[in-house]
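1. please work out how this folds:
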Amino acid sequence: MSLRATRRPLSIALALLCTASAMSVAAAREPGLTIYRDTGNALFSATADGTVDSGYAMVNEDRSLPLQSGLQTQRIDSLPPLLDPQTLSLQSPDGAWTLRSSQLLPPSGNPALALLGKRVDVIGDNGQVIAQGTVLSSQNGLAIKDAVNGIMLIQHYAAIRSPSVPAGGASLQLALDAHRAGAAPVALSYATHGLGWRAVYQARLSGGDRCSLQLDAQASIGNRSGRDWQHVRVDLIAGTVNLDAEAGVRPVMFRAMAKASSDSLPEQSALDAYRRYRLPAEVDLPDQSITQLPLYPAQTIACQRSIQVDLGSSAIGRQQPELGNYPINESPAVETRLEFTAPVNLPAGTIYVKTADSDGRQQLLGSSRLSDTAAAQPIELTLGQSFQLTARQQRLASHIDRARRQLDEQFQVTVDNAGSSGSQVRILAHPQRWSNWTVIDSNARAIKDGPSQTSFQLKVPAHGQTVLKYTIRYQWQVGDLPNGSN
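-> Numbering: from 1, shown residues only. Coordinates of the predicted model:
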């Protein structure tokens, strides 16, 4: 690309050696990013451009300042526009300077600031390249450095050409008291918005009678911070970090990393109460991009498919028995489900379940949110609603016996199967009238799963139907009903 200067050049200085007193140079080294999980969609959607005030990351990077002895003003450029100034920390590792004050400046209208640290061609008024090198500073001219001429300060030029798209950035102006002259390091630490990560899982079901799946776990990193991050060390934090709120993206690039061997996967460790995944090598995170990196090697694990009908809510929280009629769900959904055991610690994210069709192409069966799950813990996913199976619920009868303080209620559930193969269907019933209940009659075995749920297993034949009938008895004690109406 080419950036036009704001004024017409009058003369060109090709080899003016830049001294420390003439300019401020802050050359970035390899930074480290600690990126926190982001549960929103702004960093990963496809509805907007530009920076996004979502996500959170801690940045630790080293800069270098050309000092003179005594009081002076220095400037650090090319900082993220969404930097949180309250988290900013600067240190002098070798004690070469003492900070008097600092001021964070918003992104400048000078686009050359965004090219700091990048290699450029400087073009003169005649359209010819007059210098090539790495941009060190854009203050009081353009300072570049190359291997032949060293550091040059170019006061007048027509344009800057670079293969990189400048992202802009904020600047930090420092009032320092330097104890010596020469290059001195700055340890810079701050937080910024516009960076976040989430786990993404691909579960590919195998064919055959036995349920098994191949689970691929990846980290998806969204960068909408307004800055390219090049050659950075990255830590990903799993867990929910409390961030004080007061203190959809269309990425121009999507990078999916190739499958990696086990020795190139993130290293896991604990970070206080959280889980840290340290990427094994430096990565590039271009602005406006989503980058995917493997978390674990792919694993093949056993699973279980099921079909489930949930008939409705329970009596949890009810203060007294309900003796009148209440509405029931007459057309409950028939859900397809998948269950398996977490093979390793799985950070919260989204899991996409796929299977191969008759042509061998992968097709999506459903996706679901996955909470933080420790290794060996069960995972239950709802994939969607069946097309071939439908269910109907009816209340057949209810009878109150006040002398015995009990109520009997009979239901019928009909499951129809339009498919060409039989199905096992689990029916979940939640007695709604009172917490003291029992199933006294049913044409299928009733299993009491807990204080508010009973279940039945039905076999529904191909192109046929199965009817479940069951009766629930509720009982209450003197004083359970108000006003002596027991």
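2. helix or strand next in line after the helix or strand residue 33 falls within, which one?
-> Using DSSP states H and E, the element containing residue 33 is strand 32-36. Going down the chain from strand 32-36, the next helix or strand is strand 57-67, by DSSP H and E.
3. got the angle for that following strand vs strand 32-36?
-> With axes from the mean of the first three to the mean of the last three C-alpha atoms, to 10 degrees applied, the angle from strand 57-67 to strand 32-36 works out at 160 degrees.
4. partners of strand 57-67, with directions?
-> Sheet pairing of strand 57-67 (DSSP bridges) gives strand 32-36 (antiparallel), strand 182-192 (antiparallel).
5. residues contacting the strand holding residue 33, please?
-> 55-61, 195-197, 221, 229, 232-237, 241, 243, 285 (C-beta atoms under 8 Å, 6 or more residues apart in numbering). The C-beta positions use only the backbone N, C-alpha and C, and glycine is treated the same way.
6. type out the PyMOL command that picks the buried ones from those residues.
-> Under the burial definition 16 or more other C-beta atoms under 10 Å, those of those that qualify are selected in PyMOL by:
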select buried, resi 55+56+57+58+59+61+195+196+197+221+229+232+233+234+235+236+237+285
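7. how about the contacts made by the residue nearest in space to the middle of the chain?
-> By C-alpha atoms, centre = their mean, the chain has its centre lying nearest to residue 198, at 2.4 Å. Counting by C-beta under 8 Å, 6+ apart, residue 198 makes contact with 37-39, 44, 219-220, 348-350.
8. so can I have CSV of the strands paired with strand 57-67 showing distance to residue 396 and mean neighbour count?
-> Below are the strands paired with strand 57-67 laid out as CSV (distance: least, C-beta to C-beta, whole Å; neighbours: other C-beta atoms under 10 Å):
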stretch, distance to residue 396, mean neighbour count
strand 32-36, 54, 21
strand 182-192, 62, 18
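9. nearest to residue 51, of those?
-> strand 182-192 (9.8 Å; C-beta to C-beta).
10. show me how far that closest one is from its chain's centre.
-> Centre-to-centre, strand 182-192 and its host chain are 28 Å apart (C-alpha atoms, centre = their mean, to the nearest Å).
11. and the next helix or strand past it?
-> By DSSP H and E, the next helix or strand past strand 182-192 is strand 195-205.
12. what is the mean pLDDT for that following strand?
-> Here strand 195-205 scores 95 as its mean pLDDT.
13. tell me the angle of the very next helix or strand once past it relative to strand 57-67?
-> Note on strand 195-205: by DSSP H and E, the next helix or strand toward the C-terminus is strand 212-223. Inter-element angle recorded for strand 212-223 and strand 57-67: 40 degrees (by the same axes, to 10 degrees).
14. show me what counts as buried in stretch 377-388.
-> For stretch 377-388, by 16+ other C-beta under 10 Å, it's 379, 381, 383-384, 386, 388.
15. what do you get for stretch 414-432?
-> Neighbour-count burial for stretch 414-432 [16+ other C-beta under 10 Å]: 415-417, 419, 423, 425-432.
16. cool, stretch 355-364 as well?
-> Going through stretch 355-364 with 16+ other C-beta under 10 Å, nothing comes out buried.
17. straight-line length of it, end to end?
-> Counting by C-alpha to C-alpha, to the nearest Å, you get 7 Å between the two ends of stretch 355-364.
18. ok, and what's touching that stretch?
-> 204-205, 207, 352-354, 365.
19. picking that back up, list buried members of the contacts of residue 198 by neighbour count.
-> By neighbour count, with 16+ other C-beta under 10 Å, the contacts of residue 198 hold 37-38, 44, 219-220, 348-349 as buried.
20. got any ranges where the stretch 251-400 of the chain has weak pLDDT?
-> Scanning the stretch 251-400 of the chain with the threshold set as pLDDT under 70 gives 251-274, 315.
21. go with 90
-> Regions of the stretch 251-400 of the chain meeting the criterion pLDDT under 90 cover residues 251-281, 287-289, 295-296, 312-320, 325-326, 358.
22. okay, buried residues for stretch 37-53 please.
-> In stretch 37-53, counting by 16+ other C-beta under 10 Å, buried: 37-38, 42-44, 51-52.
23. ok, stretch 443-461 next?
-> Buried, per 16+ other C-beta under 10 Å, within stretch 443-461: 444, 446, 452, 454-456, 458, 460.
24. before we move on, which element is residue 104 in?
-> Here residue 104, judged by DSSP H and E, is contained in strand 97-105.
25. packing partners of the helix or strand following that strand?
-> Counting by DSSP H and E, the next helix or strand C-terminal to strand 97-105 is strand 119-123. Strand 119-123 is packed against strand 129-137, strand 142-146, strand 159-161, with contacts defined by 3 or more C-beta pairs under 8 Å, 6 or more residues apart in numbering; DSSP states H and E.
26. would you format these as CSV with mean pLDDT included?
-> Below are the helices and strands packed on strand 119-123 laid out as CSV (pLDDT from 0 to 100):
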stretch, mean pLDDT
strand 129-137, 86
strand 142-146, 86
strand 159-161, 82
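27. now do the domain split for the protein, please.
-> With domains defined by automatic domain parsing, the chain comprises 2-30+57-192, 304-475.
28. for these, which one sits closest to residue 289?
-> Of the domains of the chain, nearest to residue 289 by C-beta to C-beta is domain 2-30+57-192, at 11.2 Å.
29. who does residue 299 bridge with?
-> Taking DSSP bridges as the rule, residue 299 bridges to residue 215.
30. who's in contact with it?
-> Residue 299 sits next to 214-215, 343-344 when contact means C-beta under 8 Å, 6+ apart.
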